[in-house]
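Trainee: this is a predicted model, with the sequence first.
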Amino acid sequence: MTRIAALFASVAGMALATSLFLTGCGSIHTAPLPSSTAHLTPNPPHIYIAPFNTETGKWLVGRDGGDLLWFKRDFQTNFTHVLRDRLTKLAPTEERWVDDLPDHGWLVTGEFITVYQGSRALRTAIGGGTGETTLQTNVYVYDLDQSKTQYILAFRTGVPDAKGDTGAGSGSAPAGLSALGDPISTGMGLGSGLKLDTTRTCREITAILAQHM
């Protein structure tokens, strides 16, 4: 009995330590970041994606050293491919590095803020959304017709919405975004939770950009 109590206390402690990073217990939405007063040129002839920065943010994925570097690289590549496929619904889209950009179109890039792979132990022992996966990003959009150094639009994805709490995990698609994509697939190589989060995040980004077309 003492061992069981100690195990529960340990799991509860883990929940408290990670609670600041979790967004799974509520619905999620996008939040605007400070942006330029200029406006995006609508209907871009092309959209370019530069890989999101993996050097910033919190990576709570149970890895370190070379394993963490490999995970970040693989996650970055997969995220870029999914985002490219989504944005192609709006305009022809391709991947580009920031030092190889044309003078027309939009550039979409950003940084990962929180990548948390979740915890089955916490979900089982505590529930209530604790231990759900989390993916948050900052997104920056440049209008290449105006500037390659000053972004025009910026927003954060995966923000908890206390007013719209649905009890859904962060892998659930926000209301109103489902029309922009295909049903979510669970055949994932990176783990179903973060893969669902990737799909959801790319839908968020696509929905925001669609408003400026």
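Mentor: That came in fine, so what should we check first?

Trainee: for Val98, give me its contacts.
Mentor: If you count contacts by CB atoms under 8 Å, 6 or more residues apart in numbering, Val98 has them with Ala50, Leu107, Thr109, Lys148. Where you see a C-beta, it was placed from the backbone N, CA and C, and this is true even at glycine.

Trainee: I'd like to know which of these are part of strands.
Mentor: Leu107, Thr109 (DSSP state E).

Trainee: what is the nearest of the contacts of Val98 to Pro34?
Mentor: Using CB to CB, Thr109 comes nearest to Pro34 of the contacts of Val98, at 16.3 Å.

Trainee: top of the contacts of Val98 by neighbour count?
Mentor: Most neighbours among those, by other CB atoms under 10 Å: Leu107, with 23 neighbours.

Trainee: against Pro44, how distant is the closest residue to that residue other than its chain neighbours?
Mentor: Among residues not flanking Leu107 along the chain, Tyr142 sits closest, at 4.1 Å (CB to CB, 6 or more residues apart in numbering). Using CB to CB, to the nearest Å, Tyr142 is found at 11 Å from Pro44.

Trainee: so for those two, which residues contact both of them?
Mentor: Common contact partners of Tyr142 and Pro44 (CB under 8 Å, 6+ apart): Trp106.

Trainee: mean confidence for the helix or strand Tyr142 falls within?
Mentor: Using DSSP states H and E, Tyr142 sits within strand 134-143. Average pLDDT, strand 134-143: 94.

Trainee: adjacent strands (with direction) for the helix or strand just after it?
Mentor: With elements assigned by DSSP H and E, the helix or strand that comes after strand 134-143 is strand 153-161. Sheet partners assigned to strand 153-161 using DSSP bridges are listed as strand 27-32 (antiparallel), strand 134-143 (antiparallel).

Trainee: most packed of these?
Mentor: Mean neighbours per residue, mean count of other CB atoms under 10 Å, is largest over the strands paired with strand 153-161 for strand 134-143, with a mean of 24.

Trainee: which residues in this protein form strands?
Mentor: Counting by DSSP E, the strands of the chain are 27-32, 47-49, 58-60, 93-95, 106-116, 134-143, 153-161.

Trainee: in CSV, list those along with distance to Glu204.
Mentor: CSV is the format used below for the strands of the chain (distance: least, CB to CB, whole Å):
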stretch, distance to Glu204
strand 27-32, 5
strand 47-49, 15
strand 58-60, 19
strand 93-95, 16
strand 106-116, 12
strand 134-143, 9
strand 153-161, 5
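
Trainee: possible to save the strands paired with strand 153-161 as JSON lines with distance to Leu87?
Mentor: JSON lines is the format used below for the strands paired with strand 153-161 (distance: least, CB to CB, whole Å):
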{"stretch": "strand 27-32", "distance to Leu87": "15"}
{"stretch": "strand 134-143", "distance to Leu87": "11"}
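
Trainee: to Arg73, which of these lies closest?
Mentor: Using CB to CB, the strands paired with strand 153-161 put strand 134-143 closest to Arg73, at 16.4 Å.

Trainee: so the closest one versus strand 106-116, what angle?
Mentor: Inter-element angle recorded for strand 134-143 and strand 106-116: 170 degrees (by axes from the mean of the first three to the mean of the last three CA atoms, to 10 degrees).

Trainee: alright, calling it a day.
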